[in-house]
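Novice: Dropping a prediction and its sequence here:
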Amino acid sequence: MKYDHILVRYGELTLKQNNRKMFVNQLRSNVRQALIPLKGYEVKANRDRMYIEIDDNVDVDEMINRVTNVYGVRSASPVVKLEKTMDAVYEQAVAFSQTFNAGDTFKIEVKRSDKNFEFDTFQIQRQVGGAVLKANENLTVDVKNPDHAIKVEVRLDAIYMYDTIVKGVGGLPVGTGGKTLLMLSGGIDSPVAGMEVMRRGVTIEAIHFHSPPFTSEKAKEKVIELTKIMASRVGPIKLHIVPFTEVQKQIHKVVHERYTMTSTRRMMMRIADKVVHQIEADAIVNGENLGQVASQTLKSMYAINNVTSTPVLRPLLTLDKDEIVEKARAIGTFETSIQPFEDCCTIFTPKNPVTEPQFDKVVQYESVYNFDEMIDRAVDNIETLEIDKDYDVNKDEKADWMSDLF
Ligand code: ATP
Ligand code: MG
């Protein structure tokens, strides 16, 4: 079938009457971003829906796949745009029907938003159905459970016809819901947490705590790789890499071994909080999950959360691990996340961390040393990378190597 447009339907935007224009503009821009580097199309968005006009040589499946993965898209269909005559409709409906197999059933579904069109819904349905039956002796009509539904939309500007609807990821367009800072480890959970908030329209920057030489360059590259995968779905993401070794060593000097995990998390949170203010974000996001490990009991969360008044969003809080894994596979981060590289927390994990840390105890341990300066130093020495889907992990190394040459 030769299609000339992709019809894109919006998700919940319909509900957001006041901000509608902003939402539509953002979605159009996100769709354009997702279609790079495809060629031969033009995106036109209006209040209710978006049409992408396509040339003959566009790979329709590829385009549909990219579009339906953009947050804010409810569904998409390859469509044929027709002039507003019944002859054009008959001809195109017959063309659709000729791709069906002998013995298949079909129905004609009509939506008529142009109330002045000369035929009503029922007439169009009957006449188009009749034309298809006349052209194909071995097709029959089944209105309840047909093999094919040929959809005819009579709108003010034209008539559109299609027979496929591909479900989109839904949610809201990224860029319409403010900014958050995602605490990104190399594990399975945090990239999923990031995608969950982005699905609700929120933009993220990511922060990663790195403790060389205890954590290797490979561990850092893994986090960059995860960021690249997320960026391939939502556009470039800033990644802030925090040198965390000094803080971690100091924690191990002053805090009781069983409380080092709690304290490490608290220091991470303090640093994240400073970065939130610097980048003018409104919340922190992490991949915590209730009861999953020692640091994720309610008592732990209370002790860790206590260092900040910034909202901490935990989109995976109540999911089961297999549900998280399923989401990680769907967004494409799972295979990278299970690569065996050490995280700064796993390296310093005590054999027997407290699962029910007492808040006043951890505060008491930490009070032996003034961490403020060290925290400021860590923030001052953050390395910020702008990661897009084609980011070259070895870029910096190459630059050094080349400067040696010249
Ligand atoms: P993940 O799979 O995301 O690593 P996890 O189940 O392994 O999660 P933890 O390692 O306990 O859980 O970490 C809980 C959360 O703390 C992570 O989801 C992440 O948001 C944050 N976090 C842990 N380590 C780091 C790190 N090195 N840098 C940034 N954030 C981190
Ligand atoms: Mg982890």
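Specialist: In hand now; what should we look at? Ligands and ions are numbered 1, 2, ... in the order given.
Novice: in the stretch 301-406 of the chain, what spans have low per-residue confidence?
Specialist: Counting by pLDDT under 70, the stretch 301-406 of the chain contains low-confidence residues at 342-348, 396-406.
Novice: If we use 50, what do you get?
Specialist: Within the stretch 301-406 of the chain, the stretches falling below the threshold (pLDDT under 50) are 399, 401-403, 406.
Novice: What segments of it are strands?
Specialist: Shown for the stretch 301-406 of the chain, the strands assigned by DSSP state E, counting those that start in this stretch span residues 312-313, 383-387.
Novice: partners of the first one in the sheet?
Specialist: In its sheet, strand 312-313 lies beside strand 283-285 (parallel), with partners assigned from DSSP bridges.
Novice: next structured bit after whichever helix or strand residue 131 is part of?
Specialist: When elements are defined using DSSP states H and E, residue 131 is found to belong to helix 121-135. Past helix 121-135, further along toward the C-terminus, the next helix or strand under DSSP H and E is strand 140-141.
Novice: what packs against the helix holding residue 131?
Specialist: Counting contacts by 3 or more CB pairs under 8 Å, 6 or more residues apart in numbering; DSSP states H and E, the secondary-structure elements packed against helix 121-135 are helix 86-97, strand 105-112, strand 140-141, strand 148-154. In short, each C-beta sits where N, CA and C put it, glycine included.
Novice: tilt between it and strand 105-112?
Specialist: Using axes from the mean of the first three to the mean of the last three CA atoms, to 10 degrees, one finds that helix 121-135 and strand 105-112 are set 150 degrees apart in direction.
Novice: check contacts around the residue nearest the centre of the chain.
Specialist: Most central in the chain under CA atoms, centre = their mean is residue 195, positioned 4.3 Å from the mean C-alpha point. Residues near residue 195 by CB atoms under 8 Å, 6 or more residues apart in numbering: 230, 233, 327, 331, 333.
Novice: next one: phi and psi at it?
Specialist: Recorded main-chain torsions at residue 195 are phi -70, psi -30, according to degrees, to the nearest 10.
Novice: How about residue 262, nearest residue that isn't a chain neighbour?
Specialist: With CB to CB, 6 or more residues apart in numbering as the measure, residue 357 is the residue that lies nearest to residue 262, at 4.4 Å, once sequence neighbours are left out.
Novice: just residue 124 next, same as before
Specialist: For residue 124, the spatially nearest residue (CB to CB, 6+ apart) is residue 110, at 4.7 Å.
Novice: likewise residue 365?
Specialist: residue 255 (4.2 Å).
Novice: wait, that neighbour sits on residue 263?
Specialist: Yes. Counting by CB atoms under 8 Å, a contact exists between residue 255 and residue 263, whose distance comes to 4.5 Å.
Novice: Find residues that contact each of those two.
Specialist: Taking CB under 8 Å, 6+ apart as the contact definition, residue 255 and residue 263 share the neighbouring residues 362, 365, 366.
Novice: quick one: which of those sit in helices?
Specialist: When DSSP state H is applied, the shared contacts of residue 255 and residue 263 are split such that 362, 365, 366 fall in helices.
Novice: between those, which is closest to ligand 2?
Specialist: Set against ligand 2, the nearest of these by CB to the ion is residue 362 (20.0 Å).
Novice: what's the burial count for the residue of the chain found nearest ligand 2?
Specialist: Closest to ligand 2 within the chain is residue 187: 3.4 Å, counting by CB to the ion. Look at residue 187: counted by other CB atoms under 10 Å, it has 20 neighbours.
Novice: Ignoring the adjacent residues along the chain, who's closest to it?
Specialist: In space, not counting the residues next to it along the chain, residue 187 is nearest to residue 337; the distance is 5.8 Å by CB to CB, 6+ apart.
Novice: Regarding residue 31, which helix or strand does it belong to?
Specialist: When the helices and strands are read off by DSSP H and E, the one containing residue 31 is helix 20-35.
Novice: could the helices and strands packed on helix 121-135 be laid out in a markdown table, adding distance to residue 211, mean neighbour count and mean pLDDT?
Specialist: Supplementary listing: the helices and strands packed on helix 121-135 in a markdown table, determined by distance: least, CB to CB, whole Å; neighbours: other CB atoms under 10 Å; pLDDT from 0 to 100:
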| stretch | distance to residue 211 | mean neighbour count | mean pLDDT |
| --- | --- | --- | --- |
| helix 86-97 | 60 | 18 | 96 |
| strand 105-112 | 59 | 19 | 97 |
| strand 140-141 | 68 | 14 | 96 |
| strand 148-154 | 57 | 20 | 97 |
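Novice: any chance of those in CSV, with distance to residue 49 too?
Specialist: Listed next are the helices and strands packed on helix 121-135 as CSV, based on distance: least, CB to CB, whole Å:
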stretch, distance to residue 49
helix 86-97, 20
strand 105-112, 12
strand 140-141, 28
strand 148-154, 10
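Novice: now for the ones you listed, which one comes closest to residue 208?
Specialist: When those are ranked by distance to residue 208, counting by CB to CB, first place goes to strand 148-154 at 47.1 Å.
Novice: Given that closest one, what are its sheet partners and their directions?
Specialist: Counting by DSSP bridges, strand 148-154 is paired with strand 105-112 (parallel), strand 159-162 (antiparallel).
Novice: Next, the angle from that strand to helix 86-97.
Specialist: If you take the same axes, to 10 degrees, strand 148-154 sits at 160 degrees to helix 86-97.
Novice: CA atoms only: put strand 148-154 into PDB for me.
Specialist: Below are the C-alpha coordinates for strand 148-154, written out as PDB (Å, rounded to 0.1, in the frame of the first residue of the first chain):
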ATOM      1  CA  HIS A 148      -9.600  -6.000   8.600                       C
ATOM      2  CA  ALA A 149     -11.200  -2.700   9.400                       C
ATOM      3  CA  ILE A 150     -10.900   0.000   6.700                       C
ATOM      4  CA  LYS A 151     -11.200   3.300   8.500                       C
ATOM      5  CA  VAL A 152     -12.600   6.400   6.700                       C
ATOM      6  CA  GLU A 153     -12.300   9.700   8.400                       C
ATOM      7  CA  VAL A 154     -14.200  12.500   6.700                       C
END
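Novice: Centre of the chain to that strand, how far?
Specialist: 31 Å (CA atoms, centre = their mean, to the nearest Å).
Novice: among the strands of the stretch 301-406 of the chain, which is the most enclosed?
Specialist: strand 312-313 (a mean of 20; mean count of other CB atoms under 10 Å).
Novice: Output the set of residues of the stretch 151-300 of the chain in proximity to ligand 2.
Specialist: 185, 187 (CB under 5 Å from the ion).
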